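> Kindly return the folded structure for what I paste below:
(chains A and B)
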Amino acid sequence: MDRDLVEQARRGDREAFAALVLQVSDSLYTVAHRILRDTSLAEDALQNALVIAWRRLPHLREPDRFEAWLHRILVHACYDESQRSRHWTANVRVLPVDGPSTPDRSAELADRDELERAFRRLPVDQRAVFVLHHYVGLPLVEIAELLEIPAGTARSRLHYATRGLRAALVADDEPTISRGRFA
Amino acid sequence: MTDDRSDDRTVERAARSWLEEGPTRAPEHAIRAALARIESTPQERDWPFPRPNLRAPLIARAMTGLAVVTAILLGGVLLAQRGIGPGPAASPTPSPTSSAIPSTTPAPSGSSADGGPPVLTATFVSPRNGYSVQYPGDWKATPATANWEAGAVNQWGSAALDELRGATARFAGTSQPLATGQTTTEWLAAYGGGSCLGPPAKWLSVPIGTATALIDADGCQAPGPPLGKGGRIFDAVVIAGQRAYSFTMDGELSHADFVAFLATVTLDPVTAVDASPSP
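Below you'll find the predicted structure:
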């Protein structure tokens, strides 16, 4: 991340901020999409996060922490979008099936569908920690720092998310969780 | 115990692989819409007061805190006196209209809950309500033929609404003069909106030109039969030149789409056919 751009944007330079947006928006959007599992909600979360970031940028004390700061804002925007989405009916996801599939392929699709449904049932704060850890690759200590929560809280959210996924998978389809299926 | 850990690792591996699927690029229209919003969004000023020095004596920190609270309260009072939007707030009680508009229908292209950005190539100039807005060229425009009377609640199809209709989304705009002596706050309270965001204090602000509009419904489920797959409804109000405007959209669209439409609105209250305030 270009520290000079952050400094310029912090002083109100919109072009500098637009350049930063182009650098970070893919990363922010992919994270939002993984957490929210919905294109429209992820777009709204991205936009709201960017607007909030622009507004609050003068308060950023450590320009080197811009990206982490931005991800914190994004995660909170995801929390807000998730609340809003409760007013909506469940988003039915149709898995792509191109022609006849082998038994293994069908099982794989079924597992992914189960993962999708199980993940959507998790509280959004657990989803966020799970995505930041397993998709972004952040260690729990960094996640805790990023979200400004105790490390123990981050650890327990990850634990409960994993446990929730495992339990849901077992409950949804006992045979597909038998050991070695994913190996 | 070992089995649990083994199962966890199995689940984690599967989940990591599953998380890798999905989009890896932010949609261009979402970025453009964000930048458009930023273009008219002011930055907050940096905290004008010194940060608390934890080494300072308690009494000194308390005095600093008191100064901060006083400044915030004074600022709040000033803002409350100014009201929202441009222009003075004016008149007595209202009559709003609304947004709890039952939906039906359908419409169009141009919007994008899961597709591209709305392409707003045509301009609709309201012959009656004192504003213009850009919209997709393949939408059908039906101008209002009646005034939005104080206290009236408009439904889709109302003669007081300018309606722009596509295949999966639609837009409605209308306006009315504030009553003599009516303040912006009074008008908003009477309007109420079809809000799923609670009272006006919780509505979201978004710029329309130099005015500030308030979004009172931001993607809540549209009442009545849904328009398109999403059936989301959005509603915003703005006061300009003693005139209150209401803009509503429903169907397959996102917050970003709604804001993109609003960003093209130009308010021109003096051209409204009932531009003089009602008694």
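> Can you give the contact residues for stretch B:26-43?
A:12, A:14, A:17-18, A:21-22, A:25-26, A:28-30, A:43, A:46-47, A:50-51, A:54-58, B:112, B:116-118, B:206-207, B:256-257, B:259-260, B:263 (CB atoms under 8 Å, 6 or more residues apart in numbering or on different chains). Bear in mind the C-beta positions are built from the backbone N, C-alpha and C, glycine included.
> What's the ChimeraX line that selects buried ones from these?
Buried residues within these, by 16 or more other CB atoms under 10 Å in any protein chain shown, are selected in ChimeraX with:
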select /A:14,17,18,21,25,28,29,30,43,46,47,50,51,54,57 /B:112,117,118,206,207,256,257,259,260,263
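> Indicate the residue of chain B located nearest to chain A.
As assessed by CB to the nearest CB, chain A sits closest to residue B:26 within chain B, at 3.5 Å.
> Do I have it right that residue B:255 meets residue A:44?
Yes: Residue B:255 lies in contact with residue A:44 (CB atoms under 8 Å); the separation is 4.6 Å.
> Not counting sequence-adjacent ones, nearest residue to the residue in chain A that chain B sits nearest to?
In chain A, the residue that lies nearest chain B is residue A:29 (3.5 Å; CB to the nearest CB). Nearest residue to residue A:29, sequence neighbours excluded (CB to CB, 6 or more residues apart in numbering or on different chains): residue B:26, at 3.5 Å.
> any idea which helix or strand carries the one you found?
Assigned by DSSP states H and E, residue B:26 belongs to no helix or strand.
> And for residue A:6?
Short version, using DSSP H and E: residue A:6 is in helix A:3-10.
> Model confidence score at residue A:113, please.
Per-residue pLDDT puts residue A:113 at 79.
> Can you tell me how far it is from residue B:9?
Using CB to CB, to the nearest Å, one gets 21 Å for the distance from residue A:113 to residue B:9.
> Compare those two (neighbour count), which wins?
Counted by other CB atoms under 10 Å in any protein chain shown, residue A:113 and residue B:9 do not tie: residue A:113 has more neighbours, with 16 against 13.
> before we move on, back to that, now the phi/psi pair for the residue nearest to residue A:29, please.
phi -70, psi 140 (degrees, to the nearest 10).
> How many neighbouring residues does it have?
Using other CB under 10 Å, residue B:26 is surrounded by 25 other residues.
> Check residue B:43 too.
With other CB under 10 Å as criterion, residue B:43 counts 18.
> who touches the residue of chain A closest to chain B in this structure?
Residue A:29 makes contacts with A:42, A:43, A:46, B:23, B:25, B:26, B:27, B:30, as judged by CB under 8 Å, 6+ apart.
> Please identify the buried residues of the helix or strand that residue B:12 is a member of?
According to DSSP H and E, residue B:12 maps onto helix B:2-20. Residues of helix B:2-20 classed as buried by neighbour count (16+ other CB under 10 Å): B:7, B:10, B:11, B:12, B:14, B:15, B:18, B:19.
> what's the most distant pair in those?
The span of those, defined through CB to CB, is set by B:7 and B:19 at 18.1 Å.
> phi, psi of the residue nearest the centre of chain A?
In chain A, the residue lying closest to the centroid (CA atoms, centre = their mean) is residue A:35, at 3.2 Å. Main-chain torsions, residue A:35, degrees, to the nearest 10: phi -70, psi -40.
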